[in-house]
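> Sequence first, predicted model second:
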Amino acid sequence: MPKAVVRDEKTVERLFGLLEQSPGAIFIKDAQGRYTYVSASFSALAGRAKEEIIGKSDFDLFSRELANSFAAEDDSVRSSGQPMRFEEQFSYQGQQLSFLTHKFLLPSGEVASIALDLTKQKEVEQELRLSEERLLLATEGSGLGTYDLDLATGVGTWSKRAIEVLGLQPSRSGTASFSDWNERVHPDDKEELARQHAEAEGRGGPWQATYRVVRADMGKLFG
């Protein structure tokens with residue numbers, strides 16, 4: 001056998017070995033939308049053996065609504081001839097799934113896809129949003145003002161109550177700066193507060209202080 005052919009066979013073998021180990025779900029469809037290749041991860045996600053998928057189309061494997069959505073993506077890639085990225089969220093086998101799918105044309109005219117499973121990431125992001133909303137409701141309801149500060153830029157996100165305490169007008173972005181706060185600190189408290197703030201920033205630990213502010217809208221002491 002010619003050496004060039006041997007090398008090509010080894011290259012193909014290595015390539016498919018890599019595809020099989022990829023955490024992304026990889027698959028290839030022909031011009032009729034039939035699967036010609038699926039990786040082990042795609043087979044696992046679909047809950048079907050490879051033999052049950054190869055030669056079939058999305059309409060054989062998924063609901064009509066889902067199959068139509070996948071087919072529309074494939075058609076867009078074929079029409080444009082350019083790689084495209086799709087954010088997909090759908091229900092399958094009783095689970096709500098999220099994927100970021102990259103699709104592109106092969107020289108053969110087939111559509112190849114790499115789908116990254118973002119389901120757990122989306123679940124964590126949703127839980128974080130809910131936690132933030134609960135915290136906001138709790139702090140606003142209790143009359144507490146909160147803020148987070150980017151020490152590099154001196155700008156952070158401030159709660160509505162934190163802005164109200166200083167007598168400032170809230171910005172559309174909900175942000176305020178360290179200088180906005182520092183300008184409202186009572187002159188007699190500035191030096192000691194600056195020392196405590198610098199110390200807390202240096203050690204990166206909790207910080208608690210009692211001080212007075214002069215409201216911007218009243219010129220009156222608060223605290």
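Yep, it's here. Numbers count the residues shown, from 1 in each chain.

> Please identify the helix or strand for Ala194.
Applying DSSP states H and E as the criterion places Ala194 in helix 187-203.

> Please compute how far the following helix or strand past that helix lies from its chain's middle.
Using DSSP H and E, the helix or strand that directly follows helix 187-203 along the chain is strand 213-214. Here the centre of mass of C-alpha atoms in strand 213-214, compared against the chain's by C-alpha atoms, centre = their mean, to the nearest Å, lies 39 Å away.

> Which elements pack onto strand 213-214?
Helices and strands in packing contact with strand 213-214 are listed as strand 221-222; criterion 3 or more C-beta pairs under 8 Å, 6 or more residues apart in numbering; DSSP states H and E. All C-beta spots, glycine's among them, are computed from the backbone N, C-alpha and C.

> ok, residues contacting the longest strand belonging to the chain?
Using DSSP state E to define each element, the chain has its longest strand at strand 95-105. The contact list for strand 95-105, computed with C-beta atoms under 8 Å, 6 or more residues apart in numbering, reads 25, 73-74, 77-78, 81-91, 111-119, 121-122.

> lowest confidence element among the helices and strands of this structure?
Least confident helix or strand, the chain: strand 221-222 with a mean of 53, by mean pLDDT, DSSP states H and E.

> Just the buried residues of the helix holding Ala194, please?
Within helix 187-203, the residues that qualify as buried by neighbour count (16 or more other C-beta atoms under 10 Å) are 189, 193, 197.

> Out of these, the closest to Ser39 would be?
Looking at the buried residues of helix 187-203 and their distance to Ser39, the nearest is His197, at 53.6 Å (C-beta to C-beta).

> is it true that the closest one touches Trp207?
Yes. Between His197 and Trp207 there is a contact at 7.0 Å, judged by C-beta atoms under 8 Å.

> Domains in this structure, by residue range?
Taking automatic domain parsing as the domain assignment, the record places the domains of the chain at 3-119, 141-222.

> mean confidence for the helix ranked longest in the chain?
Among the segments of the chain that qualify as a helix by DSSP state H, the longest is helix 119-142. When pLDDT is averaged along helix 119-142, the result is 74.
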